[in-house]
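**Q** Everything below, folded, please.
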Amino acid sequence: MEKNKYLECLAYMGIGGAHPGGLLATKYVLNEVSIPRGLNILDVGCGTGQTAAFLEKQYEANVTALDNHEMMVEKALKRKEQEQLTINVVNGNVEALPFADDSFDMVISESVLAFTNVSKAISEICRVLKDDGIFYCIEMVLEKSSKELNQITDFYGMEKIFKEEEWVSLLQNAGFKMTNSKTFEYDIHQITVDDAPEFQLSESVDDAHVDTLLEHDYLTKQFQKELGFRIFHCKL
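**A** From the prediction side, this is the model:
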């Protein structure tokens, strides 16, 4: 199976907070939700473990961080060791989660589902959530159609870019009874050093990965009117 060059770029460059809005958006979402101490939380597509680490430190949560890229798993484990965390880091696929039914109080997914078989991934998230469990995700949405959007789907390896209402339908069809969606706008001056995207560069980063990151930046600007993102807050 051909590897996704964008996801490979994120892994080799060790980019934490690559999802729209970065860690600032994560904090915004979590501030909107009352999170008791000690919840069992699954961070799907955890990357370098930035969000997982924040959850443990800020909320004393029992966090499981899952990613299907070995390099990201290694970097999440390195963070766990350096920051003396107790996070359970797992190499696994969101389309076939290696957990029992009703395992988690909350699941978080930040710019992950669009790169998967979405129906399978959402179904698995429902399965591992407890009754009344909470799921939130940040995902790209189609704001305005364009004949040139194949540049986006080809670059990111996505089958489709979903409209907001299509995401809502997918989530509700999977079993979520409550689904709210929000936009998130912020001033760049709000971003602190702690909130900024971070890099854990691998020794083997080459020019191709840099080129991929530059192409990502270019496409983001080129299609800024056609593409946006939403924060979806769901409950079983």
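
**Q** alpha carbons only for contacts and neighbour counts from here, please
**A** Fine.

**Q** Okay, and the beta partners of residue 135?
**A** The bridge-partner assignment for residue 135, based on DSSP bridges, gives residue 107, residue 234.

**Q** Would you check how far apart it and residue 3 are?
**A** With distances defined as Cα to Cα, to the nearest Å, the gap from residue 135 to residue 3 amounts to 28 Å.

**Q** Compare neighbour counts for the two and give me the winner.
**A** When residue 135 and residue 3 are compared on other Cα atoms under 10 Å, the one with more neighbours turns out to be residue 135, at 25 against 8.

**Q** mind listing what that one touches?
**A** Residues in contact with residue 135, defined by Cα atoms under 8 Å, 6 or more residues apart in numbering, are 106, 107, 108, 109, 233, 234, 235.

**Q** same question, residue 102
**A** Contacts here follow Cα under 8 Å, 6+ apart; on that basis residue 102 touches 127, 128, 129, 130, 131.

**Q** again with residue 110
**A** Taking Cα under 8 Å, 6+ apart as the contact definition, residue 110 lies against 19, 44, 45, 137, 138, 139.

**Q** So for the second one, what's the pLDDT?
**A** The predicted structure scores residue 44 at 97 on the pLDDT scale.

**Q** Phi, psi for it please.
**A** Dihedral angles phi and psi of residue 44 (degrees, to the nearest 10) take the values phi -90, psi 130.

**Q** show me where pLDDT drops low in the protein?
**A** Counting by pLDDT under 70, the chain contains low-confidence ranges at 1-2, 186-197.

**Q** redo that, cut-off 90
**A** Applying pLDDT under 90 to the chain picks out residues 1-6, 8-36, 144-149, 159, 177-210, 213, 220, 236.
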